[in-house]
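In: predicted structure and sequence below. I'll ask about it afterward.
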Amino acid sequence: MRDSGNLGNDSSKNNSNEEAEGYKKDVKVLHYNFELLNAGDEVIGTVNGDGSNQLIVYMEAHDELLALMAENYWKIEDTEGKAPNLLSNMLGLSAKKQTYLKPNETGQYSLKYEISEGQDLNDVLEKAYNAEIVIKLGDVFEESELLKRINLKNN
């Protein structure tokens with residue numbers, strides 16, 4: 001699996017007139033859009049959607065960026081030697097992602113994370129590449145296999 005090189009980010013406010021269920025109005029958001037290509041000859045992830053062997057993709061912030069972002073209070077601690085999959089160390093607001101990729105298929109990924117209150121947007125954008133794309137295969141609530149980590153600073 002390799003990324004397509006189409007990595008980007010932007011930030012914006014949630015400008016909807018109504019609050020999304022469970023979300024605050026006017027939350028500042030860091031938005032990552034990228035593509036991943038399955039350059040192999042086998043399907044990665046489960047096509048039938050039972051969730052047991054899915055492609056799991058999320059962002060993990062390095063310390064400089066994490067200091068500016070809302071912390072993921074849903075994250076499960078790794079107490080049994082398993083890889084916890086709830087997931088990013090940043091608080092995710094929404095995601096569009098594929099849970100499987102066919103051979104030579106490019107998947108579109110759009111991940112949004114909440115910026116902490118009072119943070120300067122320019123500071124966040126300056127540090128937005130202090131993160132990694134984490135790609136795993138498995139179950140969100142159980143063990144998973146790390147397939148790849150893509151450091152955005154190196155791409």
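Out: Sure, I can see it.

In: I figured residue 147 hits residue 137, correct?
Out: Yes. Counting by Cβ atoms under 8 Å, residue 137 is a contact partner of residue 147 at 5.6 Å. Glycine gets a C-beta too; all of them are placed from N, C-alpha and C.

In: show me which of those two is the more surrounded one.
Out: Taking neighbours as other Cβ atoms under 10 Å, residue 147 and residue 137 compare with residue 137 leading, 18 against 15.

In: and the most centrally placed residue in the chain, what does it touch?
Out: Geometric centre of the chain, nearest residue: residue 58, 2.4 Å, by Cα atoms, centre = their mean. By Cβ atoms under 8 Å, 6 or more residues apart in numbering, residue 58 lies in contact with 87-88, 92, 95, 111, 133-134.

In: kindly reformat those as JSON lines containing distance to residue 121, secondary structure and pLDDT.
Out: Listed next are those as JSON lines, based on distance: Cβ to Cβ, whole Å; DSSP: H, G, I helix; E, B strand; the rest coil; pLDDT from 0 to 100:
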{"residue": "87", "distance to residue 121": "24", "secondary structure": "coil", "pLDDT": "72"}
{"residue": "88", "distance to residue 121": "20", "secondary structure": "coil", "pLDDT": "83"}
{"residue": "92", "distance to residue 121": "19", "secondary structure": "strand", "pLDDT": "85"}
{"residue": "95", "distance to residue 121": "21", "secondary structure": "strand", "pLDDT": "86"}
{"residue": "111", "distance to residue 121": "18", "secondary structure": "strand", "pLDDT": "94"}
{"residue": "133", "distance to residue 121": "22", "secondary structure": "strand", "pLDDT": "95"}
{"residue": "134", "distance to residue 121": "25", "secondary structure": "strand", "pLDDT": "92"}
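
In: for whichever helix in the chain runs longest, packing partners?
Out: What stands out as the longest helix in the chain, according to DSSP state H, is helix 121-127. Packing partners of helix 121-127 (3 or more Cβ pairs under 8 Å, 6 or more residues apart in numbering; DSSP states H and E): strand 8-13, strand 28-37, helix 63-66.
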